[in-house]
Structures are given as C-alpha cells and as structure tokens.
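**Q** sequence and predicted structure below; questions after.
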There are 4 protein chains.
Amino acid sequence: MGSAAFVKVPMAHPADTSGVKAVTERGYDPASVQAVIIKSEGNGCVNDFTRALAARAWGDELPGAVTVVSGGTEGVLSPHATLVLDVPPLLGVADGLGVATAVTPDILPADLGRRAQADAVADAVRAACNQLGAEPDAVEFALVKCPLLTSEQVTDAFRTGIDLVATDTLETMAWSRRAAALGVARALGEIDESQLTEGLAGDLAVFSRVASASSGVELAGCHVVVLARSALAGNHLRAAHTVMADALDSEPLLDLLSRVRADGGRLVQIFAKAEADPSGAVRGWRHTMLTDSDIQSTRHARAAVGGLIAGLTGDPAIYVSGGAEHQGPPGGGTVTAVWELPG
Amino acid sequence: MGSAAFVKVPMAHPADTSGVKAVTERGYDPASVQAVIIKSEGNGCVNDFTRALAARAWGDELPGAVTVVSGGTEGVLSPHATLVLDVPPLLGVADGLGVATAVTPDILPADLGRRAQADAVADAVRAACNQLGAEPDAVEFALVKCPLLTSEQVTDAFRTGIDLVATDTLETMAWSRRAAALGVARALGEIDESQLTEGLAGDLAVFSRVASASSGVELAGCHVVVLARSALAGNHLRAAHTVMADALDSEPLLDLLSRVRADGGRLVQIFAKAEADPSGAVRGWRHTMLTDSDIQSTRHARAAVGGLIAGLTGDPAIYVSGGAEHQGPPGGGTVTAVWELPG
Amino acid sequence: MGSAAFVKVPMAHPADTSGVKAVTERGYDPASVQAVIIKSEGNGCVNDFTRALAARAWGDELPGAVTVVSGGTEGVLSPHATLVLDVPPLLGVADGLGVATAVTPDILPADLGRRAQADAVADAVRAACNQLGAEPDAVEFALVKCPLLTSEQVTDAFRTGIDLVATDTLETMAWSRRAAALGVARALGEIDESQLTEGLAGDLAVFSRVASASSGVELAGCHVVVLARSALAGNHLRAAHTVMADALDSEPLLDLLSRVRADGGRLVQIFAKAEADPSGAVRGWRHTMLTDSDIQSTRHARAAVGGLIAGLTGDPAIYVSGGAEHQGPPGGGTVTAVWELPG
Amino acid sequence: MGSAAFVKVPMAHPADTSGVKAVTERGYDPASVQAVIIKSEGNGCVNDFTRALAARAWGDELPGAVTVVSGGTEGVLSPHATLVLDVPPLLGVADGLGVATAVTPDILPADLGRRAQADAVADAVRAACNQLGAEPDAVEFALVKCPLLTSEQVTDAFRTGIDLVATDTLETMAWSRRAAALGVARALGEIDESQLTEGLAGDLAVFSRVASASSGVELAGCHVVVLARSALAGNHLRAAHTVMADALDSEPLLDLLSRVRADGGRLVQIFAKAEADPSGAVRGWRHTMLTDSDIQSTRHARAAVGGLIAGLTGDPAIYVSGGAEHQGPPGGGTVTAVWELPG
C-alpha cells in the first residue's frame, strides 16, 4: 500500500484529460491514481481560472484523486499532468518510493495564513506519513495546494468585521503558501515551536527543505501529497531533495542529476519552487521582477528557473511553481527529483 | 587600433549613466568607448521607451559611442551596460579581440525588412571588418540595432500608397531583425545570393551563426558592432561563438564555458539570442509562448534562456535578446562568449 | 414560439451558474432558456480559458441552451450572464421581441475566415429568422460565437500543407469574426454578393449594422442567436440597433436611451461591439491601443467603450465585445438595446 | 501676474516636444510656460519610464517649467501635453483663471506617505495661492506630482533600519498620492486637523474635492500646480470642479458640460481622477479590476473613466489619472473642467 508509480502526460489545453489513456496503456487502473499534479497555462495568480478548469476536468475524470493545479507555464515550461498512482509493490523488491495524500478541512477566512492553517496542514502531513509508515526524515517531497481569499470573502470580512491576514487577494496567496510551508516544516520536525512562531511572524530564514506550496481560488481546504522513501513501497523509484540558494544556483541541480546518472536512472520528474529574491537583487545585481507592474514576479521566477531546469534536464514538462516563501531560503526554493532505477 | 576592452556596469534605471565612472577608474578615457550595449528593463517590444531613454542618456554622456539598447530583463536578467572600448594594444601581445562599429544610412519605410536593408547592413558589417583588417571567419559577433516601423509611418504609408513589408508595428520588429541578420550572414559569406533571397522570402533554415539583431523605435538607421579575432588587437580577450539548437540546448553553452575554464579565463560577457520555437513545441512538448495574449513571446524567451545562461554562468548581467529569426536555427539562437585570459 | 424573456444574473466566477435560480424565481422553466450570453473575466484573446470554463459550467447546467461566452470585463464591466428564454406569448399582446438560435456545422480549419464560414453563418442566420417568421429587416441583433484556429491546428496545417487564412492564432480570431459578420450581413440583405467578396478580401467599409461576432477556442462550429421584432412574440420587450461611428460616438447611444425613456421603458440590456480604430487615431488624436505590447487592443477597446456605455446607462453588467471588423464602420461598432415597456 | 493661457499639443512619443512650436504660433513666449502637464503612454505604475523620458525631454526644452507627467493612456486616451502659461492679463478684462506653481523640498523616504509629506504639499499649495492672491475657495484645481519609493530606497531602508510607510514599491505610489491629496485638502481648509490625522490613518471618507495627485519615480520632491479664479487674472478662461461619486457617475460630468455650453464656451481641458472601487463592486455589481493579476487596477480605471469622459466631450486628449485616494470619495474622483468664454 502506497507504492508509487508515475505517468506524465501532455495537456493540449486546461481541460484536456485525454492523457488518462496512458494509465491504462501502461497496464494500470485509473482508479489507482492518487494525485493529479498539474502545470496549467494561466498566470498562476489571483484570476488564473485555468486551475479551476483543469481541476474540474480531472475531477470529473478521476473523482477519487486529489488534484494539485499550479498555474503558470512561462517560458519553455509545458502544460502537463503528473499522475501519481498507488500500485501493488513489486514482488521481491524492497524499498522504493511511497505516495500518500490527505485533505484538510476547509480553512476559515480568519484562519488563512495563520497558525490554524499551519496546524491543519501539519496534521494532514502527519496523516499522510502515517499511511506510509514513513518517518519524517524519509519524506522527500510534501506538496500542498491551498486556498486564497477571494474578493467576496474580503468584502464579507469588511462587512462582518472579521480580521484577515491581508485584504489584497494577491497577497493572501503568499500568506496561504507561508502557513502551508511552515505547517509542513513543523510536521516533519524541520522546525520547532518557536521557529514556527517566528516564521508565521514573517521570518523568512525559517524554512522547510521539502515543502512545495501553491495557492489557488479553486479549493477551500488544503490538498496534501507526500512522497517518501518506504521499506514497503517495493518499486524502482527513487527521490531526493535539495534547495537552491537563489535562482542562479545550478550546483545542487547538477548534483541531483549526477546522482541520477550515477544510478543509471531515468529522470521521471523534477518538482521545484522559485521566487524573485525579496531583496531586489541576485548576487549583487538588481533584478526587475518586483518592480515590473506588467508581469507578476512569480511569472518571472517560474520562467527563469524553469528555463534553467529544463535546459539542464532537456525536459520542459517539469513542475516549477512560483512563490517560495519558507520553501527554501529567501530567493531560493526547494527541489525534489524523482527517478527510476534500471529495471 | 580596434583593440577591445570591456567595462560592464549596472544601471539603476534606464537613464542611469553613473557607471561611466568605472571607465576612468579602470584608467581608460571615456572618449575611447566605441559601443554601449545595454539591456534595459522595458518590454522589449513596440512601446518599450526604456530603450529611447537609455539611448538618449548614454548618447548625452558619450556622444562618440554607438548605442545598442535591447529591451527586456525578464526573470533574473539584470539591467546593465557593456561598454566596449577601443584602447591601445598591449606591448608585446599578439592577437586578441578587436572591436569596430558602423552605422547605416536611415532605412526607408519601404525598405525595412527587405533586400535594401539587408544590403545596407551587409555594407556596414564589411566596413567594420575592414577597419579591423579582419577576414569574415574571424568575426565572433556581429550585433545590429535596427529600426521598426512606427504607427505614424504605417499611417503615412496607407495615405501615400507606399507598400510596406508589414503594417502591424510588432511584426515590423521581426522583419527588421530578419533583414539585418541575413545582411550579416551575406557579408560574412555564411550564405550565398540564392540563400539570401530564400531567407528574405521567409525560409528560416537560412541563418547566421554570429548575428544578433534587435529592433527598436529609437533609431532610423542600423547600428552595427563587430567583434573579431585580430592579429593587431594585442590584448588578452578571447571570444567564441556557437548556436543553441533550441531553448533547452545547454550543451553548446557548457562547451563554451569549459573552453573558458580550460583557458583559465575570466568570463567577461555572454551575448545570446532567444526565441519561442515557431513550431509551438520544444522537443515534442507544447509551449505556450505563442498563444499567450498577456505576455509577448520574446519576453518569455528572454526569461527562459536568460535563466538558463545566468544559472550556468552565475551572472545575471548578461545580454539575452529576443527574436532570433535567421540568428541560429528556428527556435534556437546565436551565442557568443567573451573572456579574458589570465595576466 | 420564440417569444423572448430576459434574465440577467451576476457571476461570482466563470463557473458560477448559481444565477439560474433567478429563472425559477421569475416563474420560468430553466429548460426554456435558449441562449446563455456571458461576459467572463478573461483576457478575451487566444488563451482566455474563462470562456471554456463558463461554457462547460453553463452547458452542464442548461444542456439545451446555446452558449455565447465573450471574454473580457475590463474597466467597470461586470461578469454576468444574460439568459434569453423562449416563453409562451402573453395573451392579447401583439408584437414583441422574438429569439431564435442556430448552430453551424464545425468549421474546417481551411474554411475559417473565408467564404465557407460566411456561408455557414448566413445559413444559420436564415434558419433562425425562419423559426421566427421574421423578415431580415426585423432583425435587431444577430450574435455569433465562432471558433479560432488553435496552435495544434496551425501545426497540423504546416505538416499537412493545408493553406490557412492566417497562422498567428490571435489573427485567426479576427478572421473568424470577419467571416461571421459578413455572413450575417449577407443573410440579412445588408450587402450583396460583390460586397461580400470585397469584405472577405479585406474592405472594412463593408459592414453589418446588427452583427456581433466573438471568437473563442471553446467551440468548433458557430453559435448564432437572433433577436427580431415579431408579430407573434407577444411580449413587452422592444429592441433597436444603431452603430457608433467611432469609440467616442456617444450620440447614437444617447438617442437609443432617449427612445427607451420616451417609451417609459426599463433598459434590459445593451449589446455593443468595440475596437481600436485601425487608423491608429480617433478624431485626429493618436491612440496607443495598437502599439501597446503589454495589453491587447481589444482589451483597451472594451474598457473604453464599456466605460462610456456603463456611465450613460448606470449599468456595468452590459455586453461589450472587442473586435468589430465589419460590425459597424472601422473604429466603431454595432449597438443593440433591449428594453421592456411598462406592463 | 499669474494669468493663465492653455496650449494643448499632441505627442507622437514620450520624448516628442515638437508641440512647443504651437506656443510661438499662438504668439506666446515659450519662457512663459509655467507647467507642462502630460499624459504619457506608459503603464502609469512603478516601471513607467515614459514619465522620466517625457520629463527629461520637456525639461530640456522648457527648463523653467514645472513638469507633471501622468502615465497611462489606456483605451481611447491620447498622449498629449497641456502647457499652462503665465501671460499678461488682457486689458479691461476683470476676473479669469490664474495659474501658479510650487515645488516642495525632496521628500525623505521615511516621510513619504506621512504627515511630513502632507505638510510639505500643504505649504506648497499655500505658496501657490499666495502668488495668485487667491482664497482657498477660489481654487478649482490643485495638481500634485509626487515621488514614490524605489526598490533601491527600500533596500537601503532594510539595511539602515529606517521605517517606511510600505515596502512594496507599487503600494508606495498610493501612499504618496494619499499624503499629497490630504495636504491639498488641509491647505485649502477642506479638512481640519483631526480629519487630516484620520485620513493619514487610512480613512478614505476624508477627501479633497479639487486635488489630483500622481506619483512617479522621476522626481524626489513634489511639483504643485494650482488653478484658481482670480480677480487679477484678466482672461476669458473659466474653471469649475466637481466629484464623480463612482466610475459610472456621468451626471456631474454632464452638468459641467451643460455649464460650459450655457456659457457659450469652448472646452479647453478636463482633469479627472479615477480608481477601482475599493469595495470590489460598483453599484452592487462586482468588478474585476482588483483581482486582475495581468493588468493593474489603475490602468483599468483610466481606460473606463477616460472612455466615458472622452465620449461625452468628443475629445480623447484629456487628463485622466489613476489612483484617487482622498481625491473624491472612494471609487470616485475629482474632476475639473477649464473652458474659454467666447471672445
């Protein structure tokens, strides 16, 4: 139980679920798909309804799966879905990569971006680990799709006097990612209680090394997908995580790829977070991502880091998500590679 | 005469010429600056007036220099100016990198994007080579800044019945780059007459391996900057060119960087062209650069390829320019590295 | 048969169909909804998937209705749906406004923007008129939602050698609107055969006064909705059409509103087309809609004309659609008002 | 002294000062130009360098004049300059419209958006009134161009521990407008001390009826231009102000235009402020200006209100500026019309 398999399929448009046929072609049951992890071609910000369209289409197609749709395929990135299946372990194969999913209750507007959201995510991550019988340090990737506050919720809060973490809808996306990432870090023992408090108060030096959080208007609770090494998984998949220190930091990426090569492995997928360095500069040189009033900074960051990783791997159908608060150090981001050992 | 020296300076905004002080700090005379090659922070398309502002400011500061301003510092790219100087050769040093500049007459609206523009650019490139005493195959980089058609020119042409290569101002940018690149290729013997004709007729398989063309509203003729190996240059600078086959093609970049490393050299600058693959896909995966009605494709391409090269070099103050028609193969682009040998 | 009733409802997001409850609250059967005419909040251009999401959601909710989703609620425009019902005529009421819908066969890629598409639309308009027993000059509004060419279709055409009207996906939107509008004009006798030929060849002086065409990626055939005066309609609805000569032309709008006021009527809806003047100027003053590489011109045009009409009517939930080729004179657009006489 | 004259000229691009010839053609001395009030074609937000380019070009051309450049000519708005001259009063003509300008000291980063900026603006407004001998209630228009905080200033403040009103550069534009508008209101006695305090604390119900504030990166102090009725002016110009209650509020505009017509006057210019209603809705209908991550809300607002006013006046070369905090009620804005009586 929890033995992972991956099927990655292109999407011709946000509602394109035709790739599901690849699941059966590979001999798997579509009902075994646990998670559908999508890069869709919207702006990845507040009014990105490609996420809603993709989530609706895949939800209709695979009602039993958890969907995580991250908007934004800037630059060379290609719209695609990574289907993660829970399949029977291979006989006689010890170890491997396990997958588990969990969903939090709906996050109340007043709780978004705050301790209550972090706690809800932490509980969900712990539940997923328990399903896998995985210790925290076996987790190689903890993906969270979390809500934002809509303009209706902000308007309601004005009327009813509810105190929100922020009233700008775009800002609430960042706050939701923050609480989610810190919840992951707490659940996995990456940070302690006082660090959680400091992180929620805004200290970006507090961060997870495996969390990847993305927010969107298309859901009210948080969807959690955990990938972890597991003695019970019984497959030839491997995963490893690292962090980029900034958006130019190719060394850890090259190290990961060397490791895959050393294994004789086939790269299955890269999951990366990216962001504009909040200091306004990278290695002493000014960037313009935070002062561009035409293009949001997360779009710039996805395009740049996506261009780097796609160039290094030769694969543009990778998962690069924008807004990396508490997911790696400021200006950097978490990276997880999944690969398959030779048969 | 023609011995190059490079000074690269940051720009805090498009009119920031304060970096000129680095020229004197390095012991050079500002009057020796031949070319100011700028990445400015506009959209790089029709209404990018950061180019005009930067050209005006640097033109006021260094009236003797030719300006080439390429808009667009998407992603991690950093606004900066590369000042190329013509300095006395070092005593006892043979070889090195030479620089020469030339300016064409104003391009008539009816000539833009056509044979007459290609011929004018070819003449200017030949003139620059002659200044350096350089054979065509010694040229490592041929940079052209060329005009576009303004909406006023289009309106005038409607009224007067002049036939233009295109009436959409954004399209005229591409046509101007096309003619300029083909003019370079013809001048350097990369293509013959029949290939020039085919290229002007739209065959993207005809291309230069050293041309880099950028169009803008801020000039009426073409500015040309040539970098070539020269027995008379007498300096420790070296340059080499390559082409990326597509936007993911990191191999030739890694090869260039290996060569710099093998020389014990210090990388001075990278000049690269980038574009959205016109087929709509890269390595079989769909990209969305050509169907994004919010962000122009050249912005996507600069961000992605800029992210890759900056990640590989660790330097975000590189020259990455969008729209690579006939500058490398379709979807790819030309790349020139300049480096300095030790001591 | 064909007696129209209108229910206009807000949409909180592109998939919001909750307004359908207003149909039953008004005493009507949801199955009587013939057309759902939507303004959704995307960019209204190639990658506007809010149209697909809204069409899918309303299609699921009201499978018997024809959907027309026009993207773009720039400025003060408000996302909403205008549901047009076919209800029993009122007893003892002669005259009124009738509604009929029709759908063309799928438009082949090679036919898009050409005579074949115009003919298909003309046939559909004639069929709708026949349903209503309406003469051409009784038609006050002929709305067409028509396809565009996707990047996949363009790529396929490259491979198979099919000749397309254009290969830039954004341009194909304009070509599709053109053929649709000219098809309407031909069906209603507004233009003759030679004018149709001239119009298809690009003469913008050939235009309809009642057509409103909008293109999108979410359908393969054309959806047609016709509103016409009808002796059989038996309701208190009235409609009248006019054209704006340019985007500043408020006079015909004020005239329409005076007429509604003179009737003691209640304005039900305004349907308007808008576009950037292709000459690059309005009344001798340059506009920047066609040289703005950050925002598409149709977005500018909707915002401006939407601001004018919303300001004059006090209602931001109006239908203003961008791209008015052959729908009114160049730079102008068609306008239809629907109002209800006092009971 | 202070008798105004207006010359309005088109601008073909942001550096186009050729219109200055109209000054001499009208028989005036260019040195008499007191203020150059420009609508330029940038995005009107943080990285709008068309403002810097226009200010530099007109500053070179007319070094004695104060420049106010407001970015953003969305929709039908046309780039232009309104030159306001100080000319000799006409003999035997009593009354008329006066103009005076003033400049504040540079605003320190820590003072921006706060009491100190409001005080500096108030002092400048009082100085301008004194020049004209105008009582506060004779002021029909008080225009302020004010600075924003650059990313460098924000970075410096992080390093040095200076507390800023905001660290997001786009937000600092709004804070600067806020303090400027409240400074005007205080100087003219529209608000008292306690209201000033409340306004600075964020109460949007506190507002001026004649202020128009625009922020930009191109200046460090505030530029102030005041138009007031004056017994000494001696000209045939008249001005009147009003406020729009929301972006649909055409009634006060129609009233102003009726007044011009009743005077037999010729409309010279309209100066208007516009903004997205901060509640997220206009007259109960949701707007999408605040949730659009592709286009900033000020761009939407200028396009919509510009479309309305241009449609009502028939003139697209009007001054419509975005971001109307404390300049009219929330969601509305101030409007001043200037007209000339017949001979």
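**A** In hand now; what should we look at?
**Q** now the helices for chain A?
**A** Counting by DSSP state H, chain A has these helices, from start to end: A:21-25, A:50-61, A:115-132, A:151-160, A:169-187, A:193-200, A:251-262, A:297-313.
**Q** pretty sure residue A:304 is in contact with residue B:305, am I right?
**A** No: using C-beta atoms under 8 Å, residue A:304 makes no contact with residue B:305, being 9.6 Å away. C-beta: built from backbone N, CA, C; applies to glycine.
**Q** the two - which one has more neighbours?
**A** A count of neighbours by other C-beta atoms under 10 Å in any protein chain shown puts residue B:305 above the other of residue A:304 and residue B:305, at 38 against 34.
**Q** which residue comes closest to the more buried one once chain neighbours are left out?
**A** residue B:274 (3.6 Å; C-beta to C-beta, 6 or more residues apart in numbering or on different chains).
**Q** and the pLDDT at that neighbour?
**A** As predicted, residue B:274 sits at a pLDDT of 98.
**Q** and what of residue A:1?
**A** pLDDT for residue A:1: 67.
**Q** same thing with the one 4 residues further on?
**A** Residue A:5 carries a pLDDT value of 98.
**Q** for it, the count of nearby residues, please.
**A** 23.
**Q** that one: what's it in contact with?
**A** A:26, A:28, A:32, A:84-87, A:235, A:237 (C-beta atoms under 8 Å, 6 or more residues apart in numbering or on different chains).
**Q** now it, which residues is it bridged with?
**A** Note on residue A:5: beta-bridge partners by DSSP bridges are residue A:85.
**Q** quick one: it from residue A:269, how far?
**A** 12 Å (C-beta to C-beta, to the nearest Å).
**Q** cool, and residue A:212?
**A** From residue A:212 to residue A:269 the distance is 12 Å (C-beta to C-beta).
**Q** who's more crowded, these two?
**A** For residue A:212 and residue A:269, the more surrounded residue by other C-beta under 10 Å is residue A:212, and the numbers stand at 32 against 22.
**Q** the residue lying closest to that one once chain neighbours are set aside bridge partners, please.
**A** Residue nearest to residue A:212 in three dimensions, not counting chain neighbours: residue A:143, with 4.9 Å by C-beta to C-beta, 6+ apart. Per DSSP bridges, the residues bridged to residue A:143 are residue A:212, residue A:225.
**Q** same check, this time on residue A:99
**A** In this entry, residue A:99 is beta-bridged to residue A:227, by DSSP bridges.
**Q** now do the same contact list for whichever residue of the stretch 151-300 of chain A sits closest to chain D.
**A** Going by C-beta to the nearest C-beta, chain D is nearest to residue A:293 of the stretch 151-300 of chain A, at 3.2 Å. By C-beta under 8 Å, 6+ apart, the contact set of residue A:293 is D:43, D:45-48, D:170, D:296.
**Q** save those residues as JSON lines, and put in pLDDT too.
**A** Below are the contacts of residue A:293 laid out as JSON lines (pLDDT from 0 to 100):
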{"residue": "D:43", "pLDDT": "98"}
{"residue": "D:45", "pLDDT": "95"}
{"residue": "D:46", "pLDDT": "94"}
{"residue": "D:47", "pLDDT": "96"}
{"residue": "D:48", "pLDDT": "97"}
{"residue": "D:170", "pLDDT": "90"}
{"residue": "D:296", "pLDDT": "97"}
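**Q** and of the helices of chain A, who's closest to residue C:135?
**A** The closest of the helices of chain A to residue C:135 is helix A:50-61. By C-beta to C-beta, the value is 41.6 Å.
**Q** could I have that closest one exported to PDB, CA atoms only?
**A** Written as PDB, here are the backbone C-alpha positions of helix A:50-61 (Å, rounded to 0.1, in the frame of the first residue of the first chain):
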ATOM      1  CA  THR A  50      -7.100  27.500 -15.800                       C
ATOM      2  CA  ARG A  51      -6.600  25.900 -12.400                       C
ATOM      3  CA  ALA A  52     -10.300  25.700 -11.800                       C
ATOM      4  CA  LEU A  53     -10.900  24.400 -15.300                       C
ATOM      5  CA  ALA A  54      -8.200  21.700 -15.000                       C
ATOM      6  CA  ALA A  55      -9.300  20.700 -11.500                       C
ATOM      7  CA  ARG A  56     -12.900  20.400 -12.700                       C
ATOM      8  CA  ALA A  57     -12.000  18.400 -15.800                       C
ATOM      9  CA  TRP A  58      -9.600  16.000 -14.000                       C
ATOM     10  CA  GLY A  59     -12.000  15.800 -11.000                       C
ATOM     11  CA  ASP A  60     -14.800  14.700 -13.400                       C
ATOM     12  CA  GLU A  61     -12.400  12.200 -15.000                       C
END
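**Q** and that helix, anywhere near chain B?
**A** No: using C-beta under 8 Å from any C-beta of the partner chain, helix A:50-61 stays clear of chain B, coming no nearer than 10.1 Å.
**Q** contact partners of that helix?
**A** Contacts to helix A:50-61, defined as C-beta under 8 Å, 6+ apart, come from residues A:11, A:14-17, A:20, A:30, A:36, A:38, A:40-42, A:65, A:67, A:69-71, A:81, A:216-219, C:13-15, C:49, C:52-53, C:56-57.
**Q** make a PyMOL selection of the buried ones in these.
**A** A single PyMOL command selects the buried members of the contacts of helix A:50-61 (16 or more other C-beta atoms under 10 Å in any protein chain shown):
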select buried, (chain A and resi 11+14+15+16+17+20+30+36+38+40+41+42+65+67+69+70+71+81+216+217+218+219) or (chain C and resi 13+14+15+49+52+53+56+57)
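**Q** on that earlier part again, reformat the contacts of residue A:293 as a markdown table; add neighbour count and distance to residue D:96.
**A** Below are the contacts of residue A:293 laid out as a markdown table (neighbours: other C-beta atoms under 10 Å in any protein chain shown; distance: C-beta to C-beta, whole Å):
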| residue | neighbour count | distance to residue D:96 |
| --- | --- | --- |
| D:43 | 24 | 37 |
| D:45 | 25 | 37 |
| D:46 | 26 | 39 |
| D:47 | 24 | 41 |
| D:48 | 26 | 35 |
| D:170 | 17 | 40 |
| D:296 | 24 | 39 |
